[in-house]
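Peer 1: here is the input, now give the coordinates:
(one chain, ligands or ions: 1)
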Amino acid sequence: MKLYDYSDAPNPRRLNIFLSEKSICIPRVHVDLLKGEQFEASFKAKSPNCDVPTLELDDGTCISQTNAICRYLETLHPEPPLYGTTPKEIGLIEMWNQICFTNGFQAVADLFRNGPDWFEERALIGPHNYAKIPELVDRGRQRIMNFYADINHHLAAQCYFAGNHFSAADITALVTVDFAQWAKVPIPKQCKSLLHWHALVSERPSVQANS
Ligand SMILES: N[C@@H](CCC(=O)N[C@@H](CS)C(=O)NCC(=O)O)C(=O)O
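Peer 2: Numbering: from 1, shown residues only. Okay, here's the model as predicted:
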């Protein structure tokens, strides 16, 4: 197997934390996103959405999309389970993973990619260019603040996103919260449960190794 990676970027970081949790080593190929290597024909043939991470299997099959790669690897390396073992855990982890990606990660991406510091015409990832919409910067910030309040409320009742065990949903949430720090939207002081959870998961060796 080969992993097409750009370790500074948040979605590759999600996968790299997952791999560290499971002690899986896969040789990496660096795709320099700042140089536009994701658009080269040879890479697009492997990753039709021109994004990383992308995993190439030994038979040449390529799988992109962080959650799809993690789920594939979870079936090969079930221990420790990061997508649950009971039907209830599996459903809850997938639910929180989706909520964190949609309400959190995409809000930060909107703020970041529609702002003045980002490349023109690259407001969305993928093979097609889209112009920025400056209004999405403020909306992104509002959505992040609402996301913080919502997950703070959720974490007041439990240690981790889907109960008593660290899971893939915690990885997506952690990377989202750290991505929001790049975008200069810190966690408000009053979100005590969220701050507590963030400190707890940030101490994990898998997170320390990919910070
Ligand atoms: N939905 C994809 C998103 C992957 C993604 O956004 N990757 C970014 C790096 S974090 C990328 O490859 N960006 C390329 C670009 O900006 O053109 C996933 O879950 O893996």
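
Peer 1: which SSE is the spatially most distant residue from the centre of the chain in?
Peer 2: What lies farthest from the middle of the chain is residue 59; by C-alpha atoms, centre = their mean that is 26.5 Å. Residue 59 is part of no helix or strand when elements are defined by DSSP states H and E.

Peer 1: do the same with residue 80
Peer 2: Using DSSP H and E, residue 80 falls outside every helix and strand.

Peer 1: distance of it from residue 73?
Peer 2: Shown here: residue 80 relative to residue 73, a distance of 12 Å by C-beta to C-beta, to the nearest Å. Backbone N, C-alpha and C define where each C-beta goes, glycine included.

Peer 1: between those two, who's got more neighbours?
Peer 2: Higher neighbour count among residue 80 and residue 73: residue 73, with 21 against 12, using other C-beta atoms under 10 Å.

Peer 1: for the closest residue to the more buried one other than its chain neighbours, helix, strand, or coil?
Peer 2: Counting by C-beta to C-beta, 6 or more residues apart in numbering, residue 73 lies nearest to residue 24, which is 6.4 Å off, once chain neighbours are set aside. Here residue 24 is recorded as coil under DSSP: H, G, I helix; E, B strand; the rest coil.

Peer 1: over to the one 5 residues further on?
Peer 2: The three-state assignment at residue 29 reads strand, by three-state DSSP.

Peer 1: so what's the residue count around residue 174?
Peer 2: By other C-beta under 10 Å, 23 other residues sit near residue 174.

Peer 1: who touches it in this structure?
Peer 2: Applying C-beta atoms under 8 Å, 6 or more residues apart in numbering to residue 174 gives the contacts 17, 198, 201-202, 207.

Peer 1: alright, I will stop here.
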